[in-house]
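Novice: Sharing a model that was predicted from the sequence below.
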4 protein chains.
Amino acid sequence: MSRLRAAILGATGIVGQKYLRILSRHPEFEVSALFASSHSGGKNLNEASNFMLPDDIAEFGEIRVEEASDRILERNDIDLIFSALPSSMGGLEEILSRKFPVITKSSSHRLDPDVPLIIPEVNPGHLLLIEEQKKGRKKGFISADPNCSTTQLAIPLKALEPFGIETVIVSTMQALSGAGYPGVSALDASGNVIPYIEGEEKKIEKESLKILGKIGTGVEITPSDLNITAKCARVPVPDGHMENVFVRFCSSPEIDDVRDALIKFRGPRKVQHLYSSPEHPVIFIDSPDRPQPRLDLMKGEGMSVVVGSLRKSGGFYCFTSLSHNIIRGAAGGGVQHAELLLSEGYL
Amino acid sequence: MSRLRAAILGATGIVGQKYLRILSRHPEFEVSALFASSHSGGKNLNEASNFMLPDDIAEFGEIRVEEASDRILERNDIDLIFSALPSSMGGLEEILSRKFPVITKSSSHRLDPDVPLIIPEVNPGHLLLIEEQKKGRKKGFISADPNCSTTQLAIPLKALEPFGIETVIVSTMQALSGAGYPGVSALDASGNVIPYIEGEEKKIEKESLKILGKIGTGVEITPSDLNITAKCARVPVPDGHMENVFVRFCSSPEIDDVRDALIKFRGPRKVQHLYSSPEHPVIFIDSPDRPQPRLDLMKGEGMSVVVGSLRKSGGFYCFTSLSHNIIRGAAGGGVQHAELLLSEGYL
Amino acid sequence: MSRLRAAILGATGIVGQKYLRILSRHPEFEVSALFASSHSGGKNLNEASNFMLPDDIAEFGEIRVEEASDRILERNDIDLIFSALPSSMGGLEEILSRKFPVITKSSSHRLDPDVPLIIPEVNPGHLLLIEEQKKGRKKGFISADPNCSTTQLAIPLKALEPFGIETVIVSTMQALSGAGYPGVSALDASGNVIPYIEGEEKKIEKESLKILGKIGTGVEITPSDLNITAKCARVPVPDGHMENVFVRFCSSPEIDDVRDALIKFRGPRKVQHLYSSPEHPVIFIDSPDRPQPRLDLMKGEGMSVVVGSLRKSGGFYCFTSLSHNIIRGAAGGGVQHAELLLSEGYL
Amino acid sequence: MSRLRAAILGATGIVGQKYLRILSRHPEFEVSALFASSHSGGKNLNEASNFMLPDDIAEFGEIRVEEASDRILERNDIDLIFSALPSSMGGLEEILSRKFPVITKSSSHRLDPDVPLIIPEVNPGHLLLIEEQKKGRKKGFISADPNCSTTQLAIPLKALEPFGIETVIVSTMQALSGAGYPGVSALDASGNVIPYIEGEEKKIEKESLKILGKIGTGVEITPSDLNITAKCARVPVPDGHMENVFVRFCSSPEIDDVRDALIKFRGPRKVQHLYSSPEHPVIFIDSPDRPQPRLDLMKGEGMSVVVGSLRKSGGFYCFTSLSHNIIRGAAGGGVQHAELLLSEGYL
């Protein structure tokens, strides 16, 4: 069977390069075109990129990077688009979605009422929103990936949904690679914590409510009514966001039941068999001092959310979650998202 | 006027050496004796210590370190004791308190009903508990310093007490020096976060309730009834704990009123004039990306709690607090504590 | 063909665990027994070890760790021993070598006149020294691996030997894992450089001269007569030693010839085909800002020495070398060493 | 006596801000004007700068930053100029030197034959070159500071000059702040070493030879004829360059004599009494594991070069030198330089 031809927008950045790495070995997709800002357009990838990732993607080094513009609409060698463009380029994604399926990591369309915001294990049913977009007589559509820090929160929350979630507090400790390259100054990162990432807190709050929301018969999302507060910080860790999560339930489960719910969570059966789905969307480590980025970052090949350090105190159940912000939180999640689209007939 | 003669227990550790540094320039106290474990006893400080601090305390290098034991009771050249012993040595502190005032940083007696747990700006009135100890016909007493991570939480909470605090969630990002020397392995610290510090979460929870509690006519502490949950992590920062604090009030103050309460907090007048008291127990920086250890650690000469990144969301007011865990959180706080004892007639 | 049964001495340390990882997939050797200090003896590996490495060696978790002692001599299920014991245990290695081949990473026997100090690509002929040991009627023998920082110096020097090496200066920047676990204190490592590693400089100097020496007909090594000076520092990098090397040749080669010699170096043909031998013992990156630990650590699966940043100035040719101190510099090098022994008939 | 009015060019960068800090307390100079790139011109310092330094320079926050241009020539409120402009702005310095004394940190004029390159303790006599510039009927002149990494090499070499220096090898491990702000990406710095700093090696080599050169009767510098090779690396340390230095002498001094020469070095008497001169231009620490940035960075208030880890091997004497690259290596050195100019009658 021939593979679908994927274009990567934003191919010269950290996320773009991780897409290259993942797609270079994928059974269903192959890379057919690379696009980036006008600054990179016309160079080959070796020239255009800083190759800041240790991954071996040398095979792509000679491919020409083209300028990301609406001229992409003229192309007939593209079956889908993975976009890792900055959110300021959301307008271009909108234009390209007239013709192509666009799976986007940018934040610009995540909260649009007719754009699904997808974590395959959590809310695959939200893909129905694509039907709404199609009513606009577009041939393509936009389907969005959440923010990296949202994903690793929403997956364990989904596992805990049966207990009835009333309140969620999340305090993040996010890795440097989340800011891109060059991103954070080494002087700001060295032995320091920055208690702020612009826009991040509202993203986590709003995206979580949408993802955990219900899709109604009128094909719109009713956001979850749980109460959520986020506070974000940047810590000097290269890869792997950590989140301290505090949950108050409507019920009063035993802590062992909470643990079991995390351990047993698998997500819908139709998602389990996707090529990129990890066996365990949540890997629970029953130890107070885990997860740790150094030890647990690559669990599930970077696609599992690693949870541990569970305790109960003052009416809150708290735990720590870790995921690889560039794999599960970006390119890996995007590819899994596309696999779901394909499996569900949208590609 | 002659200065009181202070002995330092645990003189060879990080906190002990900071005590040396602070007392070397103090108008009311002078160092008269150094004690440490049997391992160090009999050596001079140069030999016994790794001098792991960059501070210039060379003047003490030739002083003999003696073994910490109950033979200290025979000494007549000691007016008070600063103890930075590990909590396993709490029994010795108990013995020494028969004769000497012991200001201790160890956790062993903090929750004893008749031991005050003092942050001068927050609960100086709790010193009355010392009267309870004196009833035991001891000549001395024990008065305890809180855990470093408690102090920088309790001070801003005190400032916010007028709004009626219902629930507190605190997520810490604590510095390496809090684990002592050698403490954390460089391999565990390098580009990593460890989501656990043994015993720390319960310390924060229980100590905060005691410190914010009321002292009754029967001379006992009624703990605060606020609801508190802590989650602690170690981050690769040399000095300066950061805490993300989420507060729900009984009332619904404007965020500007919360800001003002933090800015205007000074603590009781009788504490403001102590030698080590900073002009501002809380320094509020009205910026979302502050405080930061790199920029704000030494504010108020390391004695201020620096607060910023204030926001309101989901019914919670949240902010970040920073303090120097070895100065305000340990030796600096202990010396200020002794100044209060002196000023109040307990020394 | 059945695999040889290997015992690992020092199985609970960083190097021991890397041995486990490498041998878990090896075609010629299998792990038959684990030994460690009396502290670990009798526990299973899960209990005895801190599992400080992110590698997945869970399959060994239930294996019992036995105490390393001369009672190993009674064992009949061991074909060879990989020792990662501290050098203070050199006496035990001596005893065990009466019966078993001992490939050791410890420094205790490296300079013994009848012990070969082997880097397969550099001096495989030195294995002849084993014949000298056999004259002592031992059934086994000791064959030693060099210090990690020696290996990544000696391999490029071997490549440059044809130009006639007169003087070598090496200034190292060594990784934290070289000090073991827990090793360096995080407080000493954080944003710091320590210009000293005990004994390291003399090890580099003496070992290099032995390794680059000639083996004579009397079966003894005549050390190289090149002039060598080493200066070592510890830098806050988790894995991967960097070395700035300055070489003065007897001849005056063009810098392009020096580059070519590094690029073309392969080592003896009989070594190229060993299972663990990288295709390129030296990978030369023609860029002034490479190698870097972050980007180049795993080149050649951690078995290549990565060289770059070549320049000539003031009569010296200088370059930077990087290798993975735990793989090429320790367990990987040891396994390759055993493969050579097997291939040459010593096992 | 009134203080001389100093303008700072490049006031918004790390070095510019350290100038502000040092001059805010200086007995001979006061800050009269701030200049920076057109990007900052017209803003006040609070707006124009990131305030990336923890120093308290809030007093300057409201001062207006003006655009650095040749219109500075119209100013009559400036007695001297400290320039921390990038070297691309060397042309402007040339223009301004028609009217003003310009003490510059930029590399553009350092090797000009008529520009002195000054380390006060090493070559104060080179100021005579200013007479050559004055012949061009300029009212002002340029006098240059060396590169930070040159300074901490040239000072100990000057101390060792009596032994006759034949060959110098220097391998640097340089701090992040040397690259300015934002400078190095945190992703490149985290747990990594970059074996390259553009142009740095040639700067060290050429500047050292000029500084250690002799000034002849024809008022020109004859460079030293010692043989020098430099290799530079960036390490993840915030402040404080480390250099491993290897020296071969024409003579064969005892190592104790080398040590004594370092300990006893004071520089010329007329320099010792300058306000910013440290008591010891070289502080020798007789320990193999010192200096370290964490412990020794601020020795001599950041103006001393700290030397230790001395050993002799293979015909080379080697040691490690540390200095504060922003104080001694930049703003502190520049102010001391100006003090010398004043003391010698050039201001």
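Specialist: Looks like it came in fine. All of these numbers come straight from a predicted model, not from anything done at the bench.
Novice: Could you confirm whether the least confident helix or strand in chain A by mean pLDDT reaches chain C?
Specialist: Using mean pLDDT, DSSP states H and E, the weakest-scoring helix or strand in chain A turns out to be helix A:45-48, at a mean of 83. No. Judged by C-beta under 8 Å from any C-beta of the partner chain, helix A:45-48 stays clear of chain C, getting no closer than 11.9 Å. Every C-beta, even on glycine, is put in place using the N, C-alpha and C of the backbone.
Novice: what about the closest residue to residue A:214 other than its chain neighbours, neighbour count?
Specialist: Sequence neighbours aside, residue A:222 is the residue nearest to residue A:214 in space, at 5.1 Å (criterion: C-beta to C-beta, 6 or more residues apart in numbering or on different chains). Other residues within reach of residue A:222, judged by other C-beta atoms under 10 Å in any protein chain shown, total 12.
Novice: related to what we said a few turns ago, any idea which helix or strand comes after the least confident helix or strand of chain A?
Specialist: As assigned by DSSP states H and E, the chain's next helix or strand after helix A:45-48 is strand A:65-67.
Novice: For that next one, buried residues please.
Specialist: Buried residues in strand A:65-67, counting neighbours by 16 or more other C-beta atoms under 10 Å in any protein chain shown, are found at A:65, A:66.
Novice: What pairs with that strand, parallel or antiparallel?
Specialist: When pairing is defined by DSSP bridges, strand A:65-67 lines up against strand A:29-36 (parallel).
Novice: looking at it, residue A:67 is touching residue A:41, isn't it?
Specialist: Yes. In this structure residue A:67 lies within contact range of residue A:41 using C-beta atoms under 8 Å: 3.0 Å.
Novice: which neighbours do those two share?
Specialist: Common contact partners of residue A:67 and residue A:41 (C-beta atoms under 8 Å, 6 or more residues apart in numbering or on different chains): residue A:35.
Novice: circling back to that earlier point, my understanding was that the residue nearest to residue A:214 contacts residue A:210; is that so?
Specialist: No. Using C-beta under 8 Å, residue A:222 is not in contact with residue A:210; the gap is 9.5 Å.
Novice: where are the low-confidence patches of chain A?
Specialist: A:1, A:50-56 (pLDDT under 70).
Novice: Tell me the residues of it that contact chain D?
Specialist: Contact residues, chain A versus chain D (C-beta under 8 Å from any C-beta): A:52, A:176-177, A:179, A:181-191, A:236-238.
Novice: Let me see the ranges of the strands in the stretch 51-200 of chain A.
Specialist: For the stretch 51-200 of chain A, the strands defined by DSSP state E, counting those that start in this stretch cover A:65-67, A:80-83, A:101-104, A:141-144, A:165-173.
Novice: Take those strands and write them to CSV, including distance to residue A:125.
Specialist: CSV is the format used below for the strands of the stretch 51-200 of chain A (distance: least, C-beta to C-beta, whole Å):
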stretch, distance to residue A:125
strand A:65-67, 36
strand A:80-83, 21
strand A:101-104, 17
strand A:141-144, 13
strand A:165-173, 19
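Novice: With respect to residue C:45, which of those strands lies nearest?
Specialist: Set against residue C:45 and scored by C-beta to C-beta, the strands of the stretch 51-200 of chain A come closest in strand A:165-173, at 30.7 Å.
Novice: and residue A:246, how many neighbours?
Specialist: Neighbours of residue A:246 (other C-beta under 10 Å): 24.
Novice: show me what contacts it?
Specialist: Residue A:246 is in contact with A:167-171, A:316-318, B:169, B:171, B:229, B:231, B:246, counting by C-beta under 8 Å, 6+ apart.
Novice: What residues are recorded as beta-bridge partners of it?
Specialist: Here residue A:246 sits in beta bridges with residue A:169, residue A:318, going by DSSP bridges.
Novice: For it, give its distance to residue A:311.
Specialist: Separation of residue A:246 from residue A:311 (C-beta to C-beta, to the nearest Å): 10 Å.
Novice: Find the residues that touch each one of the two.
Specialist: What both residue A:246 and residue A:311 touch, as defined by C-beta under 8 Å, 6+ apart, is the set A:317, A:318, B:231.
Novice: how about CSV for these, with neighbour count added?
Specialist: Formatted as CSV, these follow (neighbours: other C-beta atoms under 10 Å in any protein chain shown):
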residue, neighbour count
A:317, 21
A:318, 22
B:231, 26
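Novice: So which of the residues you listed is the closest to chain C?
Specialist: Using C-beta to the nearest C-beta, residue B:231 comes nearest to chain C of those, at 21.0 Å.
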